[in-house]
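Enquirer: Structure of the sequence below:
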Amino acid sequence: MPHSPLASSIDAHRVLIEAHQLERHASASGRCLLYPVSLQLYGGDRVAVTGPSGAGKSVLLRLLSLLDAPDGGQIRWCGVAVNRQTILGYRRSVAYLKQRATMLDGTVADNLHAPFALKIYSDLRYSPVTVLNLLAAAGRDASFLQKNAGELSGGEAQITALIRVLQLAPTVLLLDEPTASLDPASQAIVEAMVDQWFAAVPGRALAWVSHDPAQAERISNRSLHLQAGRVQPNDSISPKPQVSIP
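Expert: A predicted model of the protein is given here:
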């Protein structure tokens, strides 16, 4: 599968995302949602992002994915500053999955085909083999593709959204509480599929927002805790990688 120029030559333990003094304010009130934070995400990292509701966890992930523009600071990808010329390559390499999946009208298959209509993926083609393998990992067969997306359960919709992302082979996953509203069986499937994606290619990385301490421990080798928009001291986001790949 072709990769963007920014996504080439990814090695385990290499700095993938480097955020410098990122901050974000509420547009209406000007209240600070995230105070300046700097961090590095390495190939091989599995970072648990924790903290109470309103601490800035989702704000941070949306900034790292560049779905929202920071009010200050800069993001570098593999040492290259992300700007107008490189942002498409960055977004292709760094995928964001939110807590509640958004399904388009039509079938599951329609939803899985949808990304390939976007300019950023114009050189890629839908792969039935890849999709069937991902479905098998989720305990589904080809008949699942014909289900009406509007009639999916919460767990089925989130699995569909995850397959929609994983088929594009991103280098980094930013997961914003993707299992928070799921039943235990669906939660286990999502965790297992992310584990398989992570292990398939050396040098991939993820950041996973979770309110569940047991899950945060299970899915991570590093941690970042936020409180009232500030990263708390003594977390393991540091200039040196602390990598323990299962």
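
Enquirer: what is the spatially most central residue of the chain paired to in the beta sheet?
Expert: Geometric centre of the chain, nearest residue: L174, 2.0 Å, by CA atoms, centre = their mean. Per DSSP bridges, the residues bridged to L174 are Y96, A207.

Enquirer: Against P213, how distant is it?
Expert: 20 Å (CB to CB, to the nearest Å). To be clear about C-beta, it is placed using only N, CA and C from the backbone, and glycine gets the same treatment.

Enquirer: again, but for A157
Expert: 26 Å.

Enquirer: More neighbours: which of those two?
Expert: Set A157 next to P213 and count neighbours by other CB atoms under 10 Å: A157 wins out with 21 against 10.

Enquirer: which stretches of the protein form strands?
Expert: Using DSSP state E, the strands of the chain run over residues 15-25, 32-42, 46-50, 72-77, 80-81, 94-97, 172-176, 205-209, 222-227, 230-231.

Enquirer: Quick check: neighbours of the first one in the sheet, parallel or antiparallel?
Expert: The reference is to strand 15-25. Sheet pairing for strand 15-25, assigned by DSSP bridges, gives strand 32-42 (antiparallel), strand 72-77 (antiparallel).

Enquirer: Tell me which of those is the most buried.
Expert: Most buried of the strands paired with strand 15-25, by mean neighbour count (mean count of other CB atoms under 10 Å): strand 32-42, with a mean of 20.

Enquirer: ok, residues contacting it?
Expert: Contact with strand 32-42 is made by 13-26, 47, 56, 59-60, 63-64, 72-73, 172, 205, 207, 224, 229-231, 237-239, 241, 243, as judged by CB atoms under 8 Å, 6 or more residues apart in numbering.

Enquirer: Only C-alpha atoms, please: export that strand in CSV.
Expert: Written as CSV, here are the backbone C-alpha positions of strand 32-42 (Å, rounded to 0.1, in the frame of the first residue of the first chain):
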residue,chain,number,x,y,z
CYS,A,32,-8.0,28.1,28.4
LEU,A,33,-9.0,24.5,27.6
LEU,A,34,-5.4,23.2,27.3
TYR,A,35,-2.4,25.0,28.8
PRO,A,36,0.9,24.8,26.8
VAL,A,37,2.0,21.2,26.6
SER,A,38,5.0,19.6,24.9
LEU,A,39,5.4,15.9,24.3
GLN,A,40,6.9,13.3,22.0
LEU,A,41,5.3,10.2,20.7
TYR,A,42,7.8,7.5,19.6
